[in-house]
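# Following is a predicted model, sequence given first.
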Amino acid sequence: MRMILFGPPGAGKGTQAGRLLERHPELAHLSTGDMLRSAVAEGTALGRQADVFMKAGDLVPDTLVVGLVMERLEKPDCRDGFMLDGFPRTVPQAEALDRALREAGIALDHVVVIEVPDELIVERITGRRMDPETGAIYHVKFSPPPEEAAGRVVQRKDDTVEAVTARLAKYHSETTPVLPHYEAQGLVRKIDGVGPPHEVALRIERAL
Ligand code: AP5
């Protein structure tokens, strides 16, 4: 299976990616947000350039992100299927992905769009906490970390009200225009992202 997880910041893409991997362990998980955060943490040239955009809630330029994803898609673990999380986020990124898949002679199966109204996003994002050791995603109210992880969870630098407001605006102006491209190919599966994560996971599984 080759799929894209699509949706606004805080829709639950990372949360649902974790659940999807439990049911479909053969899939490679390609999260551009995680890849960029690793590059920032390692202090690579790409990471130093991306950091400025990410902190401000802006999109990292296509030229940087497309190269990163194309290189990753060529790795052997993508041969049995992949789940793109947070990519493509602009029309030029979708066009670059199209070209790469066409050249490789493969096609997408699903574009899963997790829909959550804007008014729920800020609370989800500002309450998010991440476990730097396991990568687990928590929320102070909706999904509190277990006792052994509570002392080490951290907040992402771009999980401020200001940055999430900018990220949401970018989602509406730059990312939603990607959808008609996939709707025309009959690939879009719209999922209601409101409700407990296990219910959202069930809706996704039914749609696939
Ligand atoms: P990225 O890391 O992709 O962030 P995002 O798309 O903004 O999405 P998030 O990770 O914030 O949210 P999510 O949908 O994964 O939600 P989560 O499951 O964590 O990108 C970060 C930045 O990198 C971008 O701003 C940009 O600068 C750059 N970037 C990345 N890709 C790029 C690209 N392709 N092009 C250019 N730039 C790029 O859930 C959020 C919270 O809600 C958690 O606390 C969770 O516990 C809680 N939650 C989840 N589900 C539920 C539920 N059903 N009910 C209640 N709470 C829930």
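That came in fine, so what should we check first? Numbers count the residues shown, from 1 in each chain.

# Apart from its neighbours in sequence, what residue is nearest Thr160?
Thr126 (7.3 Å; Cβ to Cβ, 6 or more residues apart in numbering). All C-beta atoms are positioned from the backbone trio N, CA, C, and that covers glycine.

# three-state assignment of the residue in the chain that the ligand sits nearest to?
Relative to the ligand, the nearest point of the chain is Gly33 (1.8 Å; Cβ to the nearest ligand atom). The assignment at Gly33 comes out as helix when based on DSSP: H, G, I helix; E, B strand; the rest coil.

# for the closest residue in space to it that isn't next to it in sequence, what are its contacts?
For Gly33, ignoring the flanking residues on the chain, the nearest one in space by Cβ to Cβ, 6+ apart is Gly86 at 4.9 Å. Gly86 is in contact with 5, 13, 31-33, counting by Cβ atoms under 8 Å, 6 or more residues apart in numbering.

# now do Gly127
Taking Cβ under 8 Å, 6+ apart, one finds 139-142 in contact with Gly127.

# I'd like the distance from it to Lys141, if you could.
Distance, Gly127 to Lys141, using Cβ to Cβ, to the nearest Å: 5 Å.

# Pull the most distant pair out of the contacts of Gly127.
Val140 and Phe142 (8.0 Å; Cβ to Cβ).
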